[in-house]
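# Sequence and predicted structure, then a few things I'm wondering about:
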Amino acid sequence: MSHPNAAEINTDVVIIGAGPAGLFTVFELGLLDIKAHIIDILPRAGGQCSELYPEKPIYDIPGLPMVTGQGLTDNLMQQIEPFGPTFHFNEMVETLTSMGTEQAPAFRLTTDAGKIFNAKVVIVAAGGGSFQPKKPPIPEIDRYEGKSVFYAVRQMEDFRDKDVVIVGGGDSALDWTLNLEPIAKSLTLVHRRDAFRAAPHSVSAMQELVANGKIAFKLGQITQVEGEEGQLSAAMLKTNDGAIEKLSCQRLMPFFGLTMKLGPVADWGLNLNENLVPVDTEKFETSHSGIFAVGDINSYPGKLKLILSGFHEGALAAQKAHRYIYPEKKLLFQYTTSSTNLQKKLGVS
Amino acid sequence: MVKINFRDTAVHYGAEPGGGAPTKIKITFVDSHGQSRTVEDEVGSTVMETARRNDIPEIAAECGGACACATCHVYIDGAWSEKTGKASQMEEDMLDFAFDVQPNSRLCCQITVRPELDGLIVKTPSQQG
């Protein structure tokens, strides 16, 4: 997805990361009349909660004796709904440039989808970093990435009339096997075992294609690739009994799930300490004024990597963000239980 | 708040009245370069937690033990496979996301440290994530 001609987006705050810390920060900002855009590399909100443990119970959210990762995400989405945040999913912030001053910060952010944001405040809520595809330990695979080895399909046409090898047994591997089979010249699915975690209907559709000779299925793993100047010519399959088979191919798609990498956060000129962003504990602001960090990605003495810590940090960061965004306004501390002003914003008054 | 540090709790070696099983066992982690590290730790937690507590390299455990990431992949050495047992269906599915999976592959967040695993040897792969 690319938006080369998209107009620049002007907003008060850009939040990087739509996990629980980022989502609740929308709420705290919203109570202070601050609008936010949220950018996340995943296709949905929730971060690790929805990506790693959607069905697992969480027992240490205050006031919720038990809630699942997905349940918490759904609740947070409902809670911030009155503030109408704008989400930008499947996008990663690549550059963050400071355009302002210490007293009046301003930032320009660009994403890998070509969007440009102008914001007064940036809140980094990136958790363990961005979820990125796991890259298999195939020697020199980086030379082929983006040219003939892909971890996602951006354009199906790239696969037309090509010999395609897909590795994996999950939904991504099976979905792309089914979607690319009609346009590929040939398609080989490689998996370590004859069992699949993908949805049963995808598995049976795939097995039907194998039975009809439309695609090939091979047990084993890809250990090496061959080619020149980034263009694959073959992949070496090591079968489960140790034999090596050469698969002629021009496209390879390995699907081994996602892993968390710090990613571009490291390039933004922020002080880092063991891949974490140090902040003060009064405002949760980083070494750069106007850039805050909340949730698992920040560090300070006594830090606990708990969701509840991220909630607290977002609330305090929002207070300071208010001073940058409305420098002329005095911030009045109010409770949602008693303030008709806050209740109006929440749509419950 | 009560802080529990497993390493500070009392240690018994089968000397409890009534002859209790040992509460501390040894586990050896052999990394992908062949370097071996033996640690002594309490029974009751998982092999993954034991590794993390003792700063064992090559075990990422990104999801913190939820069997949701396949970054605590280990190879069980030799005959120990019989004692550690087989992977559950959920773990076997998650192993699809590990690299170079072998018949003795396990996700070590799913192995509970028990007295009969005293002396366990596991090997760690060169790449988890």
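Looks like it arrived, so ask away. Being a predicted model, the structure only gives us computed values, none of them experimental.
# Quick check: which helices or strands does the one helix or strand residue A:10 maps to pack against?
Using DSSP states H and E, residue A:10 maps to strand A:9-16. Applying 3 or more CB pairs under 8 Å, 6 or more residues apart in numbering or on different chains; DSSP states H and E, one finds that strand A:9-16 makes contact with helix A:20-31, strand A:36-39, strand A:116-124, helix A:307-325. Any C-beta I mention is one placed from the backbone N, CA and C, and that applies to glycine too.
# Pick the most buried one from the ones you listed.
helix A:20-31 (a mean of 27; mean count of other CB atoms under 10 Å in any protein chain shown).
# Would that helix count as contacting chain B?
No. On the criterion CB under 8 Å from any CB of the partner chain, helix A:20-31 is out of touch with chain B, staying 14.7 Å away.
# Please convert the helices and strands packed on strand A:9-16 to CSV, extending it with mean pLDDT.
Shown next, in CSV, are the helices and strands packed on strand A:9-16 (pLDDT from 0 to 100):
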stretch, mean pLDDT
helix A:20-31, 98
strand A:36-39, 98
strand A:116-124, 98
helix A:307-325, 98
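# other SSEs contacting whichever strand or helix holds residue A:208?
In this structure, residue A:208 sits in helix A:200-211 according to DSSP H and E. Counting contacts by 3+ CB pairs under 8 Å, 6+ apart, helix A:200-211 packs against helix A:171-180, strand A:216-228.
# Now do the longest one: distance to the chain's middle.
Spelled out, that is strand A:216-228. Remark: strand A:216-228 is offset 28 Å from the chain centroid, using CA atoms, centre = their mean, to the nearest Å.
# likewise stretch A:160-169?
25 Å.
# gap between the two ends of that stretch?
End-to-end distance of stretch A:160-169: 22 Å, with CA to CA, to the nearest Å as the criterion.
# what about that stretch and chain B, any contact?
Yes. Counting by CB under 8 Å from any CB, contacts between stretch A:160-169 and chain B involve A:168-169.
# ok now do the one residue sitting closest to the centre of chain A, which residues does it touch?
Against the mean C-alpha coordinate of chain A, by CA atoms, centre = their mean, the closest residue is residue A:41 at 2.9 Å. By CB atoms under 8 Å, 6 or more residues apart in numbering or on different chains, the contact set of residue A:41 is A:90-92, A:130-132.
# State the phi and psi torsions of the residue nearest to residue B:65 when sequence neighbours are not counted.
Spatial nearest neighbour of residue B:65, excluding adjacent residues (CB to CB, 6 or more residues apart in numbering or on different chains): residue B:109 at 4.1 Å. With angles defined as degrees, to the nearest 10, residue B:109 sits at phi -70, psi -10.
# Tell me how many other residues surround residue B:109.
Other residues lying near residue B:109 total 28 when counted by other CB atoms under 10 Å in any protein chain shown.
# go on, residue B:67?
Residue B:67: 20 neighbours (other CB under 10 Å).
# same thing with residue A:340?
Around residue A:340 there are 10 residues (other CB under 10 Å).
# Look up the closest residue to it, ignoring the ones flanking it.
Nearest one to residue A:340, counting by CB to CB, 6+ apart, is residue A:349 at 5.3 Å.
# Return the distance of the residue most central in space within chain B relative to residue B:34.
Compute the mean C-alpha point of chain B, and by CA atoms, centre = their mean the closest residue is residue B:47, 1.8 Å away. Using CB to CB, to the nearest Å, one obtains 20 Å as the distance from residue B:47 to residue B:34.
# Equivalent analysis for residue A:300, please.
For residue A:300, the distance to residue B:34 - CB to CB - is 39 Å.
# Tell me which of the two has more neighbours.
Neighbours were counted for residue A:300 and for residue B:34 using other CB under 10 Å; residue A:300 has more, 17 against 7.
# per-residue confidence at the more buried one?
Looking at residue A:300, its pLDDT reads 97.
# which residue packs closest to it, ignoring adjacent ones?
residue A:281 (5.0 Å).
# Could you list the contact residues of the stretch 151-300 of chain A toward chain B?
A:168-170, A:191-193, A:195, A:197, A:221, A:256-257, A:259-261.
# Now for the residues you listed: which two are most distant?
A:195 and A:261 (29.1 Å; CB to CB).
# which ones are touching residue A:210?
Counted by CB under 8 Å, 6+ apart, residue A:210 has contacts A:189, A:216-217.
# What's the PyMOL line that selects buried ones from these?
One line in PyMOL is enough to select the buried ones among those; burial here means 16 or more other CB atoms under 10 Å in any protein chain shown:
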select buried, chain A and resi 189+217
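# could the contacts of residue A:210 go into a markdown table alongside pLDDT?
Conversion of those to a markdown table gives the following (pLDDT from 0 to 100):
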| residue | pLDDT |
| --- | --- |
| A:189 | 98 |
| A:216 | 98 |
| A:217 | 98 |
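# Would you agree residue A:297 is in contact with residue A:278?
No. Using CB atoms under 8 Å, residue A:297 makes no contact with residue A:278, being 10.5 Å away.
# which of the two has more neighbours?
Shown here are residue A:297 and residue A:278; by other CB under 10 Å, residue A:297 has more neighbours (25 against 17).
# Thank you kindly, that will do.
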